[in-house]
Every structure is written in C-alpha cells, then in structure tokens.
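1. Have a look; sequence and predicted model below, questions after that.
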Amino acid sequence: MSQNLYFTKEHEQVRKALRDFVNKRINPFVDEWEEKGAAPLHDLFKEMGELGFLGIRYDERYGGLGLDYWYETVMLEEIARAHCGGVPMAIAVQTNMATPAIAEFGSEYLKDKYLRAAIRGEMVGAIAVTEPDAGSDVAALKTFAKREGEVYVLNGSKTYITNGTQADFLTLLARTSEAPGYHAFSLFVVPTALPGFKISKKLDKLGMRSSDTAELYFDDLRIPAENRIGQEGEGFIYQMQQFQHERFSALPICYIGAEEMIRETVAYIKKRIVFGKPLITKQVLRHRLVDWLSEIECLRQLTYHIVRLKMAGQDATKEISMGKLIGGRLLNQVADGCLQMYGGMGFMNEMHVSRFFRDARLISIGAGASEVMSDIIAKLEGF
C-alpha cells in the first residue's frame with residue numbers, strides 16, 4: 001500500500017526514527033523484560049522523552065512537539081513493531097491514557113508539573129480507573145475522595161493498573177459525592193510518593209508480561225486540591241473523553257501487530273515441509289492469510305478515516321468503538337490462526353507467535369470490553 005496519500009516526507013522521517021529506536025532499544029531486550037515481568041520504564045521513557053516521542057501531539061509550551069494526529073498515528077504504528085504487546089501498551093498508557101485529560105482539562109500548574117515531566121520521560125504515568133468491583137461499568141466505582149479544606153482524603157483501591165508498580169503519578173477517577181448520576185466523580189493527579197499509597201501486589205498475567213500491572217490501595221491519602229483535574233464532579237465526563245484517545249491507540253497496535261505476525265508466519269511456513277512440500281503451497285492457508293490481510297487493510301483504512309475526523313475536530317466515538325471491536329476480534333483470529341500454522345512449535349513459549357497469542361487476548365477486554373463497544377455503537381445508532 002502506498003503511504004504517500006496520508007504521510008509526507010516529514011512523517012516518514014519520524015517513522016524511521018521510531019523504527020530505529022524500536023529495533024535498537026526495545027526489541028533486543030524484550031525477552032529479558034518478559035522474563036522479569038516489567039520493562040525499565042524510567043530508563044526507556046527518559047530516552048524516548050529526549051527524542052520527543054512521548055509528546056508528539058502535545059503543546060510545545062510543555063515540551064511537546066505540537067504535531068498532528070497523523071504523526072501520533074505514525075508513532076503508534078511503529079511502537080506496534082515491538083516483539084511483544086506489553087511495551088507498546090506501557091508507552092500508550094503514558095501518551096494516550098495518563099496524560100490526555102491533564103493536557104485538555106488540567107490547570108497550568110498540573111500541565112507544568114506533570115504533563116511536562118511525562119513528556120520528558122522524567123515521570124512515569126498510569127491511569128487508575130478500574131476497581132475490583134468496577135471495570136467496564138465505570139459508574140460503579142467506589143474509591144472516594146472526600147474534600148477537607150485544601151485537600152481531598154482518598155480511600156479505596158484500584159486494580160489491573162498498567163505501569164502501576166513504576167508510576168510516579170496516577171490519573172485517578174474517584175467518587176467525590178454520594179449523589180446518583182454521572183456528576184459525582186472527579187479526576188485527580190495523584191503522586192505515588194504521598195503517604196497512604198500502597199502497591200497491594202504486582203499481578204501475574206496470562207500475557208503482556210513485559211508490562212507491570214498492579215493492584216493499588218489508598219489509605220487516607222491526602223491529595224492537594226490543586227491536583228484535581230478540571231471541575232469537581234466532571235471527572236466521569238473527562239474520563240469518557242479520555243477513553244477515545246485510549247481506545248484509538250489500540251487500533252494501529254492491532255493492524256500492525258497482525259500484519260507483522262502474518263509476515264513472520266509466512267516466512268516460517270515457506271520453510272516448513274509437510275508431505276514433501278512447503279506448507280505455504282496449501283491453498284487453504286494462502287487464502288486464509290489473504291483474508292486476514294484484507295481485513296487488516298479495512299481496519300487500517302477505518303483508522304485513517306478516524307484520523308481525518310479527529311483532524312477536522314469531529315466526534316469519532318462511534319468509529320473508534322467500531323475499530324476497537326473489530327480490531328480485537330481480528331487480532332485474536334490472526335493470533336489463533338498463525339499459531340495453528342506453526343503446529344507444535346507454536347505451542348512453545350520460546351516462539352514469538354505464542355507470546356503474540358497471549359498478548360492479543362487483552363485487546364478485546366482492556367479499555368472497554370468488546371461487548372461494551374457493541375453497546376456504545378448500538379446506543380449511538382439509536383437502538
């Protein structure tokens with residue numbers, strides 16, 4: 001596919017810099033990080049920050065590059081070429097989950113202190129919304145921040161928090177009122193150095209093993225009132241808007257990840273001899289691969305359509321939800337089908353395809369399950 005229709009020479013220069021970084025500073029270490037259960041985010045993000053990769057779309061006043069959504073798409077496409085899902089996810093948390101609400105709704109103080117540090121890679125961020133009893137149903141969360149003068153006293157817990165064991169700050173959604181409805185929540189920047197913050201445990205996951213995930217606990221943690229993002233009671237609304245940045249980040253990771261896996265699989269089955277012939281000569285497999293590549297191209301073009309909508313300042317909630325829904329489904333189909341083509345070798349943990357199979361499973365669950373995406377689309381369609 002010709003990229004020239006969407007990407008300029010300048011875009012391609014950024015792409016090359018990112019691809020070089022992934023190939024030199026991420027991929028050689030992925031096996032080690034998978035084994036350890038975490039990538040060294042402070043070191044990695046510091047390098048990325050110095051190269052400008054963590055603030056591509058953010059205002060130059062805070063150390064960003066001030067570029068557009070096409071550049072952001074290039075960044076997401078290239079980090080998806082990492083040989084795992086965990087590290088791209090950790091990066092996307094920093095760029096598309098923990099920081100958008102600060103950039104859009106935060107005070108000058110919050111932007112100067114936290115957004116600037118996140119863009120430089122001097123602070124690792126995490127998004128803290130999910131709780132043991134509130135996942136896709138965000139309105140069910142119970143963690144409470146009670147206003148006492150110039151502080152909010154935070155009590156409760158969060159779970160499945162990506163970057164949770166390394167985060168310097170959390171962009172955290174808490175209830176600030178017992179009133180029913182969506183105006184009972186507020187969004188905060190919570191520094192993890194404050195007394196009352198505790199990592200309950202590091203979670204042991206099926207996949208995304210190079211990404212640390214934690215359960216967090218808050219015991220009378222006192223958040224300065226100036227760390228509230230925007231207006232009290234509007235946090236739920238801010239978070240719903242933030243979800244669009246988060247869900248969008250999954251789309252390039254889906255189509256590039258699936259494409260990369262297909263290329264690896266084709267290389268493998270060209271060499272794998274079955275009944276005297278390379279496995280690639282089986283028409284059923286070639287057709288299956290072509291079907292996936294065709295669907296991948298459809299997802300890529302939906303993603304580029306979403307970028308055009310975002311560039312025009314239009315709401316892309318429905319299209320992003322559709323992309324997330326079909327992206328998760330497609331990634332799982334490709335992961336399962338490619339592993340099958342590897343046969344017994346695909347079942348071995350040493351093979352990249354087995355890691356891909358495990359990592360792919362999260363896309364249909366995280367940042368809103370597929371069923372939630374379907375409900376959103378149905379509601380926007382009026383049924």
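-> All right, it came through fine. Numbering: from 1, shown residues only.
2. which stretches of the stretch 251-383 of the chain form strands?
-> Counting by DSSP state E, counting those that start in this stretch, the segments of the stretch 251-383 of the chain that form strands are 273-274, 277-278.
3. Just put the ones you listed in TSV and tack on mean neighbour count.
-> For the C-beta atoms, the positions are set from N, CA and C on the backbone; glycine is no exception. Output for these, formatted as TSV (neighbours: other C-beta atoms under 10 Å):
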stretch	mean neighbour count
strand 273-274	11
strand 277-278	11
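4. Out of those, which gets nearest to Tyr69?
-> For the strands of the stretch 251-383 of the chain, the distance to Tyr69 is smallest for strand 277-278, at 41.8 Å, taking C-beta to C-beta.
5. mind checking how far that closest one is from the chain centre?
-> 39 Å (C-alpha atoms, centre = their mean, to the nearest Å).
6. can I get the strands of the stretch 251-383 of the chain in TSV with mean pLDDT?
-> Converted to TSV, these look like this (pLDDT from 0 to 100):
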stretch	mean pLDDT
strand 273-274	96
strand 277-278	98
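7. closest to Ile262 out of these?
-> Per C-beta to C-beta, nearest to Ile262 of the strands of the stretch 251-383 of the chain: strand 277-278, 16.2 Å.
8. Who are the packing partners of that closest one?
-> Under the contact criterion of 3 or more C-beta pairs under 8 Å, 6 or more residues apart in numbering; DSSP states H and E, strand 277-278 touches helix 235-271.
9. average model confidence for the helix it packs on?
-> For helix 235-271, the mean per-residue pLDDT is 97.
10. Distance from it to the middle of the chain?
-> Distance, stretch centre to chain centre, for helix 235-271: 9 Å (C-alpha atoms, centre = their mean).
11. returning to that earlier point: out of the strands of the stretch 251-383 of the chain, which is closest to Ile56?
-> Ile56 sits nearest to strand 277-278 of all the strands of the stretch 251-383 of the chain, at 41.9 Å, using C-beta to C-beta.
12. Show me the contact partners of that closest one.
-> By C-beta atoms under 8 Å, 6 or more residues apart in numbering, the surrounding residues in contact with strand 277-278 are Ile269, Lys270, Lys271, Arg272.
13. That strand pairs with which strands?
-> In the sheet, strand 277-278 lines up against strand 273-274 (antiparallel) (DSSP bridges).
14. Contacts for the partner strand next, please.
-> Taking C-beta under 8 Å, 6+ apart as the rule, strand 273-274 contacts Leu279, Lys282.
15. ok, now with 10 Å
-> Contact with strand 273-274 is made by Leu279, Thr281, Lys282, Gly343, as judged by C-beta atoms under 10 Å, 6 or more residues apart in numbering.
16. Most neighbours among these, please name it.
-> Top of the contacts of strand 273-274 by neighbour number is Leu279, holding 20 neighbours under the definition other C-beta atoms under 10 Å.
17. Spatially nearest residue to it, not counting backbone neighbours?
-> Distances taken as C-beta to C-beta, 6 or more residues apart in numbering put Ile269 closest to Leu279, at 3.9 Å, once the chain neighbours are dropped.
18. rewinding a little: closest to Thr130 out of the contacts of strand 273-274?
-> Gly343 (37.0 Å).
19. wait, isn't the closest one in contact with Leu285?
-> No. Between Gly343 and Leu285 there is no contact under C-beta atoms under 10 Å: 11.7 Å.
20. any shared contact partners between these two?
-> Applying C-beta under 10 Å, 6+ apart, one finds that Gly343 and Leu285 are jointly contacted by Ile269, Leu279.
21. could you check the distance from Tyr58 over to Leu309?
-> Between Tyr58 and Leu309 the distance is 20 Å, computed by C-beta to C-beta, to the nearest Å.
22. Look at the two and report which has more neighbours.
-> More neighbours surround Tyr58 than the other of Tyr58 and Leu309, with 24 against 17 (other C-beta under 10 Å).
23. Show me which of the contacts of strand 273-274 is closest to Ala39.
-> Closest approach between the contacts of strand 273-274 and Ala39, by C-beta to C-beta: Gly343, at 30.5 Å.
24. Which residue comes closest to that closest one once chain neighbours are left out?
-> Nearest non-adjacent residue to Gly343, counting by C-beta to C-beta, 6+ apart: Arg272, 7.7 Å away.
25. quick one on the thing from earlier: burial measure for the residue nearest to Leu279, as a count.
-> So Ile269, with other C-beta under 10 Å, has 22 neighbours.
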